[in-house]
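# here is my input; please provide its structure:
(one chain, ligands or ions: 2)
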Amino acid sequence: MMIIVMKVGASAKEISAVLSRVKKYGYEAHLSDGQERTIIGIVGDGNVRDYREQFELMEGVERTVPVSHPYKLASREFHATNTLVPLNGNRVGDTKVLVIAGPCSVESREQILETAHAVKEAGATALRGGAFKPRSSPYAFQGLGEEGLRYLAEAREQTGLPIVTEVMDTTMVPLVCDYADVLQIGARNMQNYALLHAVGKAQHTVLLKRGISSTMEELLMSAEYILSHGNTRVMLCERGIRTFERYTRNTFDINAIPVLKERTHLPIIADPSHATGHWQYVESMAKAAVAAGADGIIVEVHPRPEEAVSDGMQSLTLERFADMMKALRRVAEAVDRTV
Ligand code: PEP
Ligand code: MN
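Ligands and ions are numbered 1, 2, ... in the order given. Next comes the predicted model:
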């Protein structure tokens, strides 16, 4: 694992000579074209550091940097500036904070359309809703499936909001890609490596949620799977981790926001709904996340939480969501961002 930093103004010929040398040694090269200079990440199985001197002697190479942590393409060493993920005319990772809002599950055409219009009106920038639901119990509602995806597509048509929805297994990737702007990988699937490969190959935008008991390093390693296919449109999501605490559903690891921002160039999204499990705490934690530097918020909203088939306890009503948006704007302004 090594990074080659090219000199400022290195020529295309010098860069391609390095790339062919990487190939010759049996490794794979990933290019990061910075504003100033090109950085080449070398990945593969083996000890590429044995070739350090050979690379350093090549024309146009400024230096080589061994990367000691196990993720590379996700690291700030490989890509110093924030990756800006394009989404419906916005760039996630830039100053505007992305707000993804909507129900836990798509329950009916009316429910998703009503929610979509209301969250759009309140200023949301994307619509969420699960059509394929990962439930802890096999007897719980599993989602509407493709019917739910069709309702999401209709909501996008009517509101212009891009769609964030979960894909649970590899066989479903093509179908969900047809409907979704962003493929959500749920916490329970963060280490489903076949699925990570599949969404990497699909070259579709991904929202990767942190596993319930996963470290930040494991989250970054999972992102690395997707990046290794050349798919750089990846957003990470802190959604709370399991601890001994039971007054909340999970423990919101707000540390993860500044720590991940330091280590990776990928945007960080916070999910105060699953992190707390109770709507009463959602606004506080959403504000805290924006203050801590999150690039976006994903929040569960339902027109009638008491009737929700999943996660009603943590869902904001349409009115509470609109109130939260007002509060978020003020916090964002205080940290030089917009919502
Ligand atoms: C969800 O977003 O509704 C969901 C199931 O989230 P997680 O995978 O974080 O539990
Ligand atoms: Mn949910």
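# what does the stretch 151-300 of the chain put close to ligand 1?
Counting by Cβ under 6 Å from any ligand atom, the residues of the stretch 151-300 of the chain close to ligand 1 are 186-188, 209, 239, 274. Yep, even glycine has a C-beta here, placed from its N, CA and C like the rest.
# PyMOL command for the buried members of those?
The PyMOL selection below is limited to those of those classed as buried (16 or more other Cβ atoms under 10 Å):
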select buried, resi 186+187+209+239+274
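# and the helices in the stretch 51-200 of the chain?
52-56, 109-122, 146-159, 173-179, 193-202 (DSSP state H, counting those that start in this stretch).
# relative to ligand 2, how far out is the closest residue to A223 other than its chain neighbours?
In this structure, A223 finds its nearest non-sequential neighbour in A74, 4.7 Å apart by Cβ to Cβ, 6 or more residues apart in numbering. A74 sits 26 Å away from ligand 2, going by Cβ to the ion, to the nearest Å.
# nearest to ligand 1: which residue in this structure?
Nearest to ligand 1, among the residues of the chain, is G186, at 3.0 Å (Cβ to the nearest ligand atom).
# and the residue nearest to that residue when sequence neighbours are not counted, what pLDDT?
Spatial nearest neighbour of G186, chain neighbours left out: P134 (4.8 Å); criterion: Cβ to Cβ, 6+ apart. Predicted confidence (pLDDT) for P134: 93.
# would you confirm that P134 contacts V167?
No - contact criterion Cβ atoms under 8 Å: P134 and V167 do not qualify, at 10.4 Å.
# quick one, what contacts whatever residue of the stretch 201-339 of the chain ends up closest to ligand 2?
Nearest to ligand 2, among the residues of the stretch 201-339 of the chain, is D311, at 3.8 Å (Cβ to the ion). Shown in contact with D311 (Cβ atoms under 8 Å, 6 or more residues apart in numbering): 104-105, 273-274, 300.
# domain-wise, how is the protein divided?
The chain breaks down by automatic domain parsing into domains covering 2-66, 85-334.
# which of those domains has the lowest average pLDDT?
Ranked by mean pLDDT, the domains of the chain end with domain 2-66 at the bottom, a mean of 94.
# for ligand 2, what's the nearest residue on the stretch 101-250 of the chain?
Using Cβ to the ion, the single residue of the stretch 101-250 of the chain nearest to ligand 2 is C104, 3.3 Å away.
# please report how far the residue nearest to that residue when sequence neighbours are not counted lies from E300.
Closest residue to C104 apart from its sequence neighbours, by Cβ to Cβ, 6+ apart: D311 at 3.7 Å. Per Cβ to Cβ, to the nearest Å, D311 is found 6 Å from E300.
# shared neighbours of those two, anything?
104, 273-274.
# could these go into JSON lines alongside distance to T64?
Listed next are the shared contacts of D311 and E300 as JSON lines, based on distance: Cβ to Cβ, whole Å:
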{"residue": "C104", "distance to T64": "47"}
{"residue": "S273", "distance to T64": "44"}
{"residue": "H274", "distance to T64": "41"}
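# residues of the stretch 51-200 of the chain that sit close to ligand 2?
C104 (Cβ under 5 Å from the ion).
# repeat for the stretch 201-339 of the chain
Counting by Cβ under 5 Å from the ion, the stretch 201-339 of the chain sits next to ligand 2 at D311.
# which residues in the stretch 201-339 of the chain form helices?
Under the criterion DSSP H, counting those that start in this stretch, the stretch 201-339 of the chain contains helices at 216-227, 256-263, 272-276, 279-292, 318-334.
# just how off-centre is the second one within its chain?
For helix 256-263, the separation from the chain centroid amounts to 13 Å (computed by Cα atoms, centre = their mean, to the nearest Å).
# and that helix, what does it pack onto?
helix 216-227, strand 234-238, strand 268-270, helix 279-292 (3 or more Cβ pairs under 8 Å, 6 or more residues apart in numbering; DSSP states H and E).
# any chance of the ones you listed in a markdown table, with distance to Y151 and mean neighbour count too?
A markdown table is the format used below for these (distance: least, Cβ to Cβ, whole Å; neighbours: other Cβ atoms under 10 Å):
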| stretch | distance to Y151 | mean neighbour count |
| --- | --- | --- |
| helix 216-227 | 27 | 22 |
| strand 234-238 | 23 | 27 |
| strand 268-270 | 23 | 27 |
| helix 279-292 | 23 | 21 |
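# S11: which of those is closest?
Minimum separation from S11 across those (Cβ to Cβ) falls at helix 216-227, 26.6 Å.
# give me every residue that touches the residue nearest in space to the middle of the chain.
With distances taken as Cα atoms, centre = their mean, M235 lies nearest the centre of the chain, 2.0 Å away. Counting by Cβ under 8 Å, 6+ apart, M235 makes contact with 85, 92, 182, 205-208, 266-269, 295-296.
# tell me the one among these nearest to E121.
Of all the contacts of M235, G296 has the smallest distance to E121: 19.0 Å, by Cβ to Cβ.
# mind listing what the closest one touches?
With contacts defined as Cβ under 8 Å, 6+ apart, the neighbours of G296 are 92, 97-100, 235, 267-270.
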